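Visitor: give me the fold of what follows.
(one chain, ligands or ions: 1)
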Amino acid sequence: MPAIASAVQRARLTYLSDEKFISLRDAIRQVRHEKVPGDFVEYGIALGGSAIYIASELDDDRHFHGYDVFGMIPSPTQRDDDKSKARYENIRSGGSKGIGGDTYYGYQADLFDKVSASFTDFGVPVDGERIAFHKGLFEDTVHFHPKSRVALAHLDCDWHDPVKFCLERTIEVLSPGGLMILDDFNDYGGCRTATDQFLASHTDCRLVRTLPHAVIQRS
Ligand SMILES: C[S@@+](CC[C@H](N)C(=O)[O-])C[C@H]1O[C@@H](n2cnc3c(N)ncnc32)[C@H](O)[C@@H]1O
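Guide: This next block holds a predicted model:
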């Protein structure tokens, strides 16, 4: 387990388990070892825990791009399962507890500033260049220049529509050998449906593993 991953867990900045961090570490090692060109991106930052870990693993001239509303998570749709809808209803009604009894991140004022401060505390300051945040709905913020390249994308945005959207946007710029990690593949039905449909229509992508999350590789 990477030390910085344990540290963000202790600081109650992440929902990721040890197993997910280890698989994420292995994915990062793989793209670095195989010299897959491109940036690291995360869709779904919340309190910043997994993003801090990913940003701490930047090598060479890679950049990190983090995308989130930095506020209340948008609602699921009819394409999501009952578990997702119940989870969202709990959040929307004000009943959600945060990690370790903290205030749930979506209810916190100044979340963007708090997450930025956490990045600084962990030695990966958000400078808008090497490490950049993009605040807003993915639909408004995820626009890649045709010449940009992504080596690794961590999709941690829970519901069907954002997962589908981010997969479709990322594949346009994902380098050969690049990886996309679906954090919620085993947690929320909409994420699994969006992933399965994506794989069925993108034959140049294969499912590398499904535990503890799904990992897709582009050939
Ligand atoms: C489960 S949290 C991310 C957890 C985090 N990666 C960690 O280490 O614990 C999901 C995040 O996705 C964001 N999100 C979901 N749908 C979104 C959308 N359409 N646009 C922007 N952000 C979205 C939510 O605001 C929330 O912060």
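
Visitor: got the contact list for the longest strand seen in the chain?
Guide: Scanning the chain for the strand with the most residues, using DSSP state E, yields strand 174-182. Outside strand 174-182, the residues that touch it by CB atoms under 8 Å, 6 or more residues apart in numbering are 23-24, 27, 30-31, 34, 36-38, 149-155, 163, 167, 170-171, 191, 195, 205, 208, 213-219. Yep, even glycine has a C-beta here, placed from its N, CA and C like the rest.

Visitor: tell me if it is near the ligand.
Guide: No - shown here: strand 174-182 not in contact with the ligand (CB under 6 Å from any ligand atom), separated by at least 10.7 Å.

Visitor: what pairs with that strand, and is each one parallel or antiparallel?
Guide: Strand 174-182 sits in its sheet next to strand 150-155 (parallel), strand 214-218 (antiparallel), going by DSSP bridges.

Visitor: ok, now which ones touch residue 144?
Guide: 150, 169, 170, 172, 173.

Visitor: can you give me the strands for this protein?
Guide: 39-43, 64-68, 131-135, 150-155, 174-182, 205-209, 214-218.

Visitor: mean pLDDT for those - can I get that in CSV?
Guide: Formatted as CSV, the strands of the chain follow (pLDDT from 0 to 100):
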stretch, mean pLDDT
strand 39-43, 98
strand 64-68, 98
strand 131-135, 98
strand 150-155, 98
strand 174-182, 98
strand 205-209, 98
strand 214-218, 98
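
Visitor: want to try JSON lines for those, with mean neighbour count as columns?
Guide: What follows is these, written out as JSON lines (neighbours: other CB atoms under 10 Å):
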{"stretch": "strand 39-43", "mean neighbour count": "26"}
{"stretch": "strand 64-68", "mean neighbour count": "24"}
{"stretch": "strand 131-135", "mean neighbour count": "18"}
{"stretch": "strand 150-155", "mean neighbour count": "27"}
{"stretch": "strand 174-182", "mean neighbour count": "22"}
{"stretch": "strand 205-209", "mean neighbour count": "15"}
{"stretch": "strand 214-218", "mean neighbour count": "22"}
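
Visitor: out of the contacts of residue 144, which is most surrounded?
Guide: Sorting the contacts of residue 144 by how many neighbours each has (other CB atoms under 10 Å) puts residue 150 first, at 27 neighbours.

Visitor: show me which positions of the biggest helix by length in the chain end up buried.
Guide: Scanning the chain for the helix with the most residues, using DSSP state H, yields helix 18-33. Neighbour counts using 16 or more other CB atoms under 10 Å place 20, 21, 23, 24, 25, 27, 28, 30, 31, 32 of helix 18-33 among the buried residues.

Visitor: what's it packed up against?
Guide: Helices and strands touching helix 18-33, by 3 or more CB pairs under 8 Å, 6 or more residues apart in numbering; DSSP states H and E, are helix 3-10, helix 49-56, strand 150-155, strand 174-182.

Visitor: quick one: distance of it to the chain centre.
Guide: 14 Å (CA atoms, centre = their mean, to the nearest Å).

Visitor: just to revisit the earlier point, so for residue 45, which of the strands paired with strand 174-182 sits nearest?
Guide: Nearest to residue 45 among those is strand 150-155; the distance by CB to CB comes to 9.8 Å.

Visitor: quick one, that closest one and helix 18-33 angle?
Guide: Interaxial angle of strand 150-155 relative to helix 18-33 (axes from the mean of the first three to the mean of the last three CA atoms, to 10 degrees): 170 degrees.
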